[in-house]
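Novice: heads up, no residue letters with this:
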């Protein structure tokens, strides 16, 4: 099987399953007020590029690039099925996100992740993301790490 990554609509069963797994995982690590999850309706907006990773026909990963309207965008809902870890799906999603951001001539990509997710933090650092203060509507939270990568 080979992994493919493409823009797809988020409202499909395989994606909903991943978002449910993501919600449960985040809920097991953080209190509700520290979980900044977005729902399907936000992911369907025109300002969102939603990527789906498939291994054969199976949906095994997803993420969204949400444009802020100021030349920046935020990564939301990055998640890889635990059964598919080790296939470099997160790296493929990051490469695809950054390609889209470059095509849209964005100036920066930002994200919020939790401090108890060392794999996610390591991935973002590998891609050159650096710690920043809380941005947008986020409030400072000791359980959150805010990161940014400046582009071109």
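Specialist: All right, it came through fine. It should be emphasised that the depicted structure is a prediction, and the values quoted were computed from it without experimental measurement.

Novice: so what's residue 17 up against?
Specialist: residue 59 (CB atoms under 8 Å, 6 or more residues apart in numbering). To be clear about C-beta, it is placed using only N, CA and C from the backbone, and glycine gets the same treatment.

Novice: please give the element, helix or strand, for residue 145.
Specialist: strand 144-150 (DSSP states H and E).

Novice: cool, residue 119 as well?
Specialist: Assigned by DSSP H and E, residue 119 belongs to helix 118-126.

Novice: test my guess that residue 141 contacts residue 30.
Specialist: No. Assessed by CB atoms under 8 Å, residue 141 is found out of contact with residue 30, at 9.1 Å.

Novice: now do the helices in the chain.
Specialist: 13-29, 40-43, 89-103, 118-126 (DSSP state H).

Novice: closest one to residue 146 among those?
Specialist: helix 118-126 (10.6 Å; CB to CB).

Novice: find the nearest non-adjacent residue to the most centrally placed residue in the chain, please.
Specialist: The centre of the chain sits closest to residue 78, judged by CA atoms, centre = their mean, with a distance of 2.8 Å. Leaving aside its chain neighbours, residue 78 sits nearest to residue 63 (4.0 Å; criterion: CB to CB, 6 or more residues apart in numbering).
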